[in-house]
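>>> Next come a sequence and a model predicted from it.
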Amino acid sequence: DLPLTSMDESGRNKADGVIKGLHPGSTTNLSGGALQAIEVLERSGASKEGRTRAVMLFTDGMANEGLRDPAPLTRAVAGAIATASAKCGGPISLYTFGFGADHNEACLRNLATGSGSSGLYYYIKTPDDIPTAFADALGGLTSVVAQNVKLSLEAVGTGVSVKRVLGSTYTRDAEGSVVLGDLFAEDEKDVLVELQLPKLRAPQTDPPPLVLNATLRGFNVPR
């Protein structure tokens, strides 16, 4: 009912409208919900940004529609995740949340752990348990994806030099590289650099000359 949507103000309003239009019924189609969500991610395709992808499956009952037996249900979901992950160029985590005492804990646990990535199962006994479970799941999504990251800055051209890197949080190593440390999923860094440039004798025509090369090196944790 709602495609992949950025959760800005407009997106939240759309999501809120969809949620208010949902009504409980008498069926629990675990396989249909899980496979549909995975298909949405598969259709999103590969991303140059190394986007983090996850499916969160919520249920308060046992599967009584679609694939009902836990074994083929788990195999179907694991196979769909493997196919979608290959097309997206990165892992897809599956988190399952069982509300109340009427769900199949073993099935939800196997779905999460059998996804081939950092999926987890959560038992939600009371509404008070929801914030803790969400915080833990989101913490897993923002795990470290790169370690010992360094940004090398090389001035290009006669009379061009890197005067300084602004910002008290950044340090330089012996080679002059900016030490960024560990990077988390969806993490962004802004690095402000001050350059010394020579005075031009005449207006510069397009394209402008290259004055700086930046190289990022680090240990890719997932790969």
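Sure, I can see it.

>>> Tell me the spacing between residue 167 and residue 87.
38 Å (CB to CB, to the nearest Å). C-betas here are computed from N, CA, C, even on glycine.

>>> Equivalent analysis for residue 77, please.
Counting by CB to CB, the gap from residue 77 to residue 87 is 16 Å.

>>> Please identify which of these two sits among more neighbours.
Using other CB atoms under 10 Å as the criterion, residue 77 and residue 87 rank with residue 77 on top: 26 against 13.

>>> Any idea which helix or strand in the chain has the lowest mean pLDDT?
Least confident helix or strand of the chain, by mean pLDDT, DSSP states H and E, is strand 171-172 with a mean of 81.

>>> List the buried residues of whichever helix or strand comes after that strand.
Helices and strands here follow DSSP states H and E; after strand 171-172, the next one along the chain is strand 178-184. Under the neighbour-count criterion of 16 or more other CB atoms under 10 Å, strand 178-184 has 178, 180, 183 buried.

>>> now swap in stretch 153-165 and tell me
So, applying 16+ other CB under 10 Å, buried residues of stretch 153-165: 153, 155, 160, 162, 165.

>>> In the protein, where's the longest helix?
helix 70-88 (DSSP state H).

>>> any idea of the mean pLDDT in stretch 174-189?
Average pLDDT, stretch 174-189: 82.

>>> Quick check: end-to-end length of it?
Stretch 174-189 has its terminal residues 21 Å apart, counting by CA to CA, to the nearest Å.

>>> same question, stretch 95-106
Terminal-residue distance, stretch 95-106 (CA to CA): 14 Å.

>>> If you count neighbours, what's buried in it?
Those would be 95, 96, 97, 98, 99, 103, 104, for stretch 95-106 by 16+ other CB under 10 Å.

>>> what about the helices in the chain?
Going by DSSP H, the chain shows helices at 9-20, 30-44, 70-88, 105-113, 130-141.

>>> Packing partners of the longest one?
If I follow you right, that is helix 70-88. When contacts are defined as 3 or more CB pairs under 8 Å, 6 or more residues apart in numbering; DSSP states H and E, helix 70-88 packs onto helix 30-44, strand 92-99, helix 105-113.

>>> Distance to residue 125 and mean pLDDT for those - can I get that in TSV?
Listed next are the helices and strands packed on helix 70-88 as TSV, based on distance: least, CB to CB, whole Å; pLDDT from 0 to 100:
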stretch	distance to residue 125	mean pLDDT
helix 30-44	20	92
strand 92-99	9	91
helix 105-113	12	89
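
>>> now for these, which one comes closest to residue 207?
helix 30-44 (33.9 Å; CB to CB).
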